[in-house]
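Q: model the structure of this input:
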Amino acid sequence: MNARGPIGPTRVPAGAPEQERKQSVHQDQQGDGGATTEDRRGPDRRKRRILISGGLGLTLLVGGAAAYQFGLFSDMGDPVDFGTSRTAASTTASAPARPGVSMPTGPRAAFVRTSRLPDGTQIAQTTLTGKKSGFTGDVWVWVPKEYDDPAYAESAFPVLISLPGGRGYPKNYWGTGPGLGLQQAVSDGAKAGRSLPFILVMPVINADTKHHFDGSDIPGQPKMGTWMADDVPDFTKANFRTFTSRDGWAFMGSSSGGFGALKHVLKYPDRFKAAIASGPDIVPDSPLWKGDTQAMDENNPEKLAARLIGAGGPDVYLNFQIGTRESGREKAEKFMREYGKGPVHTRLQVIQDGEHNGKSYVRGMREGSLEWISKVMSAPTPTPRPPQPSTPRSTRSSAPGSTPGPTLGSPGPASGSTRRSAPAPRPHPTSHPSRKPMPEADRDGSAEDAAGR
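A: Okay, here's the model as predicted:
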């Protein structure tokens, strides 16, 4: 029969001999319930237990770190619902939208989180089947912090459809690579009052990894032009608060995505107002056209610009970005010389030491391109707050010599505060007689275009 009792304090009858009591106390101090007066293995056992415990702790620490590194405990892939803090809108759901504002029309897309930025904003992805194009592809979306601010719950936000270069399928590196800094550039610009807080919508631009479709409806091929110019905007309107006019819609893109940005704004100037085209192709060059010059001309930015100039408008704003360490500047400047006139306003952002990649282009956007197009786009505006009821002078208690603060909902002091969530809305340049027209080009080198290619 085993002489050891269960692990734990050894209970000794009150009348037990003194020697038995001492042995019991010694057993309890060891914690293993066994006699140690003659057992020399006790210290070795303690050492082994310490080593085993330390080894288990280290394993858990290293394993836990690895699990976090590989996203085993992250919230990536969780459902995302944008605009859940629309406090004001929830209380006035039946009220009509503001003039010029389109509230989400639905149906709501099923978004899943793919990235979370340091400021708490997030990028989410969904799969869209275009009703008009019939094409199915993934779309990534990012909204600025202001979008979830209850003060802007009834406001529209400008949309910047962001197109990648490279394969452009099955991913869009502007959405899957937040390290390129596009989202942060918009956030920083909005906080500093140099950029509008754009919603970024980032779709795939090609139908497979083997071909370039020039962002166009090439005969006999998937309708990638309709996908980007119709289905993606319709999807955006279904899910977000957007402007009803073209003043709230713009494109940006790099390389072949820059071509798409140029082409869509020039082809549909009634829908889109501005573009940032970084290191872009200027003319369609996909072999899938198979020499169909008529179809190519319908998607050629040069032909489209000439047509728009001949029609006399509407005005569009094209911001080119070129790095000093890439080719293509001559083609961009040639386009600006020949077509940067009348309703086609152009500007060149030359990026010192910039290369043909996303990081360089984001730097150019920070250095001036975002600010330039923001000046011609509509800005979100907070909901005016009703003034507080006036307090009779006889009951107002103010310290001698103090000045009452501004009424709630009225502008604050003109000085002493530089922070604002979005620049004030700007009128259309052609409808405001006191506003000077936008310069047709900026070639003085003061405004000159990492790793999306």
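
Q: show me where the stretch 151-300 of the chain has its helices.
A: Per DSSP state H, counting those that start in this stretch, the stretch 151-300 of the chain carries helices over the ranges 173-176, 182-192, 224-226, 232-239, 256-267, 293-297.

Q: angle of the longest one against helix 232-239?
A: It stands for helix 256-267. Using axes from the mean of the first three to the mean of the last three Cα atoms, to 10 degrees, one finds that helix 256-267 and helix 232-239 are set 80 degrees apart in direction.

Q: how long is stretch 204-217 end to end?
A: As for stretch 204-217, its first-to-last residue distance stands at 15 Å under the measure Cα to Cα, to the nearest Å.

Q: phi, psi for the spatially closest residue to Gly354 that is not a sequence neighbour please.
A: Nearest in space to Gly354, with sequence neighbours left out and distances taken as Cβ to Cβ, 6 or more residues apart in numbering, is Gly323 at 2.5 Å. To be clear about C-beta, it is placed using only N, CA and C from the backbone, and glycine gets the same treatment. Backbone torsions of Gly323, given as degrees, to the nearest 10, read phi -90, psi 150.

Q: check Val112 too.
A: Its backbone dihedrals place Val112 at phi -130, psi 140, with angles given as degrees, to the nearest 10.

Q: how far away is it from Asp81?
A: Relative to Asp81, Val112 is positioned 11 Å away (Cβ to Cβ, to the nearest Å).

Q: between the two, tell me which one has more neighbours.
A: Counted by other Cβ atoms under 10 Å, Val112 and Asp81 do not tie: Val112 has more neighbours, with 13 against 10.

Q: that one touches Gln122, doesn't it?
A: No. At 10.3 Å, Val112 does not count as touching Gln122 under the criterion of Cβ atoms under 8 Å.

Q: what sits against the residue nearest to Gly354?
A: Each residue near Gly323 by Cβ atoms under 8 Å, 6 or more residues apart in numbering is listed here: Gly279, Val350, Ile351, Asp353, Gly354, Glu355, His356, Ser360, Tyr361, Gly364, Asp449.

Q: give me the low-pLDDT residue ranges for the stretch 101-250 of the chain?
A: Regions of the stretch 101-250 of the chain meeting the criterion pLDDT under 70 are absent.

Q: quick one, strands of it?
A: Secondary structure of the stretch 101-250 of the chain (DSSP state E, counting those that start in this stretch): strands at 101-102, 111-116, 122-129, 136-142, 159-163, 199-203, 242-243, 249-254.

Q: nearest to Ala379, of those strands?
A: Taking Cβ to Cβ as the measure, the strands of the stretch 101-250 of the chain were each checked against Ala379, and strand 242-243 came out nearest at 9.7 Å.

Q: list the beta-bridge partners for Arg113.
A: The bridge-partner assignment for Arg113, based on DSSP bridges, gives Ala124.

Q: could the contacts of Gly323 be laid out in CSV, adding secondary structure and distance to Thr381?
A: Listed next are the contacts of Gly323 as CSV, based on DSSP: H, G, I helix; E, B strand; the rest coil; distance: Cβ to Cβ, whole Å:
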residue, secondary structure, distance to Thr381
Gly279, coil, 34
Val350, strand, 34
Ile351, strand, 32
Asp353, coil, 38
Gly354, coil, 34
Glu355, coil, 38
His356, coil, 38
Ser360, helix, 33
Tyr361, helix, 29
Gly364, helix, 28
Asp449, coil, 32
